[in-house]
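J.: 3D model of this:
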Amino acid sequence: MLPLVPLPYRIRHSLRSGLRTALASSALFSMGVQGVVAQTVDDGGDVANQQLNLPKEVTVFGKSDPNVRKATAIINGRILTGTDIDQRLALIITANGGKVEAEEKERLRLQVLRNLIDETLQIQEAAANDIKVDPAEIQQSYERVAANFRQSPTQFEAYLRTQGSSSASIKRQIEGELAWSRLLRRNVQPFVNVSEDEVQSVIDRLNAAKGSDEYRIGEIYLSATPENRAQIIANARNIIQQIQQGGSFPAYARQFSEASTAAVGGDLGWVRPAQLPPELAQAAAEMQVGQIAGPIETVGGVSLLYVMDKRKVLTADPRDSLLSLKQLSVLFPKGTTKEQASTKAASFAAAIKEIKGCGQANEVGARIGADVVDNDNVKIRDLPPQLQDILLNLQVGEATPPFGSITEGVRVLIVCGRDDPASANAPNAEQIQAQLEEERVNRRARIYLRDLRRDAVIEYN
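T.: Now for the predicted structure:
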């Protein structure tokens, strides 16, 4: 994803979202007919009535009970079992530290079922076009995931079992993403064209915006109708609560968002407020890095926004400076009280004041029993927000105030060197063209999935 291209707001509905939306609104999905019970509903959706030629007063012959539903389905002959749902659900719960309420877990289970149906349709369509993913390639991707957890594939498999999941569930998801991506490259991407005039227009707008603020935004978009908007807003608030309690924003975006960025954890990339809908632009401009806002009501649904970073268009950002650092740290013995930790931290801070540049750091560290670690090529932007502003104002040889916790000890960072960033350059025409093409592929992919959903034979058990 290119960081500086000012493109229109990301296309609604992910490569999977067309199917998710269809499932969420499908009467077949949400209604189990048991007996013949008449129920009168006042339908206020005038637009929908006109489009579908519906009667003003609707009588439903059947019992609508969303709780009478089993999390299993057969999609064009492919069976999704309860185990499939349980194992994929376990991955989401694990990503959120296992802190999921029982009510939230049931809602997650239904969403997982929808995701698995999307995934199954994508794999089936790829296979129908003679596209198959080599198991060796799936294994390589799985090993990269395991490496992210700092575990070997064998260790990671054992860990997944302890969490109620399996390596097969992750590999299935990898297969779906790879198969769908290749299908789009074959059947959609060759028919997408971007003209030179369109590319030049983007370059002109980018130059005109030089120096203005832009934000790296994460978004979770949930579609809503007038009838279910209240429930969707309640669901969005539950998601915010889970994230604020330590849940992963990318994990929730991947599973719940219906925007085109769901597959990349909701990351919209770098955008300027003018590229966003007005209601989202206003919220983004008022947020600080690390904050989450919402639910924000938009046309067709609600959004949750997360500000991951902030900078100025085509302007060198001091937060991109590379630092050479020395880190001095002292651990507290087990059982240390808050008062004891404060006393030891004060002593540590007094010793740090004696350091005159990095040349004395090792000597002072040895005298006070601190561990000393060298860290080179550390970008200020990659450090915790609380430390970024401090380090921006430090000169070479100066140290941060002590920071840490009782469990992790106290530490300081000493600046040993700084390489300021070069002036920012605009992306070239080839990069801009590639991103415009990506947007159009996503738009056509939404239609592709919609058609797959319409043609699918799905039986819920």
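J.: Any stretches of the protein with poor pLDDT?
T.: Where the chain drops to pLDDT under 70, the residues are 1-71, 96-97, 209, 260, 314-316, 422-426.
J.: where along it do the strands fall?
T.: 38-42, 57-61, 73-75, 78-80, 213-223, 267-271, 292-298, 301-312, 322-330, 371-379, 403-405, 409-419, 458-460 (DSSP state E).
J.: which residues does Gly369 contact?
T.: Val330 (CB atoms under 8 Å, 6 or more residues apart in numbering). No exception for glycine: its C-beta is placed from N, CA and C like everyone else's.
J.: Out of the strands of the chain, the one nearest Leu121 is which?
T.: Nearest to Leu121, of all the strands of the chain, is strand 73-75, at 6.5 Å by CB to CB.
J.: Buried residues of that closest one, list them for me.
T.: By 16 or more other CB atoms under 10 Å, the buried positions in strand 73-75 come out as 73, 75.
J.: go on, stretch 265-274?
T.: Going by 16+ other CB under 10 Å, stretch 265-274 has these buried residues: 265-273.
J.: Let's see stretch 232-246 as CSV, backbone CA atoms only.
T.: Output in CSV follows, covering the C-alpha atoms of stretch 232-246 (Å, rounded to 0.1, in the frame of the first residue of the first chain):
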residue,chain,number,x,y,z
ILE,A,232,-25.5,-2.7,14.5
ILE,A,233,-24.6,0.3,16.6
ALA,A,234,-24.9,-1.9,19.7
ASN,A,235,-22.6,-4.4,18.1
ALA,A,236,-20.1,-1.7,17.2
ARG,A,237,-20.0,-0.5,20.8
ASN,A,238,-19.3,-4.0,21.9
ILE,A,239,-16.4,-4.2,19.5
ILE,A,240,-15.0,-0.9,20.9
GLN,A,241,-15.3,-2.2,24.4
GLN,A,242,-13.4,-5.4,23.5
ILE,A,243,-10.6,-3.4,21.8
GLN,A,244,-10.3,-1.0,24.8
GLN,A,245,-10.0,-4.0,27.1
GLY,A,246,-7.0,-5.2,25.1
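J.: what's in contact with it?
T.: Against stretch 232-246 from outside (CB under 8 Å, 6+ apart): 96-97, 99-100, 104, 107, 220, 222-224, 247, 249, 252, 256, 292, 294-295, 297, 301-302, 304.
J.: Kindly recompute the last result at 10 Å.
T.: 24, 96-101, 103-104, 107-108, 111, 220-225, 228, 247-249, 251-253, 255-257, 292-297, 301-304, 306 (CB atoms under 10 Å, 6 or more residues apart in numbering).
J.: Could you do stretch 379-393 as well?
T.: Outside stretch 379-393, the residues that reach it (CB under 10 Å, 6+ apart) are 288-290, 309-311, 317-323, 325, 378, 398-401, 403, 413, 415, 418-419, 421.
J.: Name the residues of it that come out as buried.
T.: 380-381, 383, 388, 390-391.
J.: what's the most distant pair in these?
T.: Largest pairwise distance in the buried residues of stretch 379-393, by CB to CB, is 13.8 Å, between Arg381 and Ile390.
J.: Of the strands of the chain, flag the one that's most buried.
T.: strand 213-223 (a mean of 24; mean count of other CB atoms under 10 Å).
J.: Please name every helix or strand in contact with it.
T.: Judged by 3 or more CB pairs under 10 Å, 6 or more residues apart in numbering; DSSP states H and E, the packing partners of strand 213-223 are helix 17-25, helix 229-244, helix 249-256, strand 267-271, helix 278-285, strand 292-298, strand 301-312.
J.: between these, which gets nearest to Asp84?
T.: helix 249-256 (14.7 Å).
J.: angle of the closest one against strand 292-298?
T.: Relative orientation of helix 249-256 and strand 292-298, computed by axes from the mean of the first three to the mean of the last three CA atoms, to 10 degrees: 30 degrees.
J.: which stretches of the stretch 351-461 of the chain form helices?
T.: Under the criterion DSSP state H, counting those that start in this stretch, the stretch 351-461 of the chain contains helices at 361-368, 385-392, 429-455.
J.: Buried residues, the first one. List them.
T.: The one in question is helix 361-368. Here helix 361-368 shows 361, 364-365 as buried, counting by 16+ other CB under 10 Å.
J.: how about Ser321, what does it touch?
T.: Contacts of Ser321 by CB under 10 Å, 6+ apart are 378-381, 391-392, 418-421.
J.: between those residues, which is closest to Glu339?
T.: Among the contacts of Ser321, and counting by CB to CB, the member closest to Glu339 is Leu391, at 29.4 Å.
J.: For the buried residues of stretch 379-393, could you give me TSV that also reports distance to Asn461?
T.: Shown next, in TSV, are the buried residues of stretch 379-393 (distance: CB to CB, whole Å):
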residue	distance to Asn461
Ile380	54
Arg381	50
Leu383	51
Gln388	52
Ile390	58
Leu391	57
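J.: with these in mind, which one is nearest to Arg150?
T.: Nearest to Arg150 among these, with distances taken as CB to CB, is Leu383, at 20.5 Å.
J.: From Ala345, how far out is the closest one?
T.: Distance, Leu383 to Ala345, using CB to CB, to the nearest Å: 20 Å.
J.: repeat for Glu198
T.: From Glu198 over to Ala345 (counting by CB to CB), the distance is 58 Å.
J.: Would you mind telling me which of the strands of the chain is nearest Leu436?
T.: Here strand 267-271 is closest among those (CB to CB), at 13.1 Å.
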